[in-house]
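1. just to be clear, the model below is a prediction. Sequence and coordinates:
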Amino acid sequence: MVEAAREPTLFGFDFSFAPPFAERGAYLPGETGVPENARDFWAYVDAKAPDEDLGAASFLEAVHRRHFYFGIADGVKADFVRFRQCDHRLNQAGGRKTASAYDAIGAAQVAKASFAGMRLLHRISGRVAIWPMDPILPGQSAVSEIYTRIYLRNAGLSGAKLRTRTDLNLALKALGSPPARLRFEPDDHQTDALVTAAGMRAHLRHPHAFTPPGLSPELARTEGWTFGIV
């Protein structure tokens, strides 16, 4: 929060800011007392998952277990896989996003991190703008959802992970950023961070960066949107 107050900054968080809502008209169909907007849902997750360090495993594993896929014993995985409207838009453009907020098994799963992230969003809500749930005022810092594959594709690449200085600097150049003067070969976590920062900065020049086609007030309120999808 100190950095957000120091100068206008766009922060990128790599997790889903809300589960899918539009497909079924609810985050957790069949449950009672579950909020129907993202901000109240963050508070709900935070109240129902008192895990240490803002974890949310208990929310998935116990509180609402039947909504999450943990393995073959749960049945057909496809029955659990739901996507937000921005995910559908990305996939229609060839983005190949396959991870669902209800899929809680495997190295590629995003459910646990996303629901933990929602607890974090609840804690910072009202202290910094969270796009697109909040409007971004001139001179104001904000938090946005990111997905590195978007910025890799915007750099003209396939979306595969980068693990060399050469490939990293080719991506940075394509995004209009100077090369990274590293003295070592980076790992994919380091290249993800650098490409994402460069990609976010480049996307800010897009005329619809914060007003992408398809982002309705209802979606902004319930599902959110990933910065970079237009």
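-> On my side now, so go ahead.
2. from now on I want contacts and neighbour counts done on CA atoms only, so please keep to that.
-> Will do.
3. which residues of the protein fall in strands?
-> 10-13, 129-130, 142-145 (DSSP state E).
4. closest to residue 189 out of those?
-> Nearest to residue 189, of all the strands of the chain, is strand 10-13, at 13.8 Å by C-alpha to C-alpha.
5. which secondary structure elements does that closest one contact?
-> Contacts defined by 3 or more C-alpha pairs under 8 Å, 6 or more residues apart in numbering; DSSP states H and E place strand 10-13 against strand 142-145.
6. residue 25 versus the nearest residue to residue 102 once chain neighbours are set aside, what's the distance?
-> Excluding its sequence neighbours, the residue lying closest to residue 102 (C-alpha to C-alpha, 6 or more residues apart in numbering) is residue 68, at 4.8 Å. Distance, residue 68 to residue 25, by C-alpha to C-alpha, to the nearest Å: 17 Å.
7. more neighbours: these two, which one.
-> Neighbours of residue 68 and residue 25, each counted by other C-alpha atoms under 10 Å, are more numerous for residue 68; the result is 23 against 11.
8. what sits against that one?
-> Shown in contact with residue 68 (C-alpha atoms under 8 Å, 6 or more residues apart in numbering): 60, 61, 80, 102, 103, 104.
9. which residues does the third one contact?
-> So that's residue 80. Residue 80 makes contact with 67, 68, 69, 102, 103 under the criterion C-alpha under 8 Å, 6+ apart.
10. from residue 59, how far out is the residue nearest to residue 102?
-> Counting by C-alpha to C-alpha - residue 68 and residue 59 are separated by 10 Å.
11. same question for residue 79.
-> Going from residue 79 to residue 59 by C-alpha to C-alpha gives 19 Å.
12. got it, and residue 92?
-> Residue 92 sits at a distance of 31 Å from residue 59 (criterion: C-alpha to C-alpha).
13. of the two, who's got more company?
-> Neighbour totals were compared for residue 92 and residue 59, and residue 59 leads with 21 against 11 (other C-alpha under 10 Å).
14. using TSV, lay out the strands of the chain together with mean pLDDT.
-> Shown next, in TSV, are the strands of the chain (pLDDT from 0 to 100):
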stretch	mean pLDDT
strand 10-13	97
strand 129-130	98
strand 142-145	98
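15. can you put the ones you listed in JSON lines and add distance to residue 36?
-> Output for the strands of the chain, formatted as JSON lines (distance: least, C-alpha to C-alpha, whole Å):
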{"stretch": "strand 10-13", "distance to residue 36": "22"}
{"stretch": "strand 129-130", "distance to residue 36": "17"}
{"stretch": "strand 142-145", "distance to residue 36": "20"}
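16. which of those strands sits closest to residue 120?
-> Residue 120 lies closest to strand 10-13 among these, at 10.4 Å (C-alpha to C-alpha).
17. so which of the contacts of residue 68 comes closest to residue 96?
-> Nearest to residue 96 among these: residue 103, at 15.9 Å, using C-alpha to C-alpha.
18. how much space between that closest one and residue 111?
-> According to C-alpha to C-alpha, residue 103 stands 6 Å off from residue 111.
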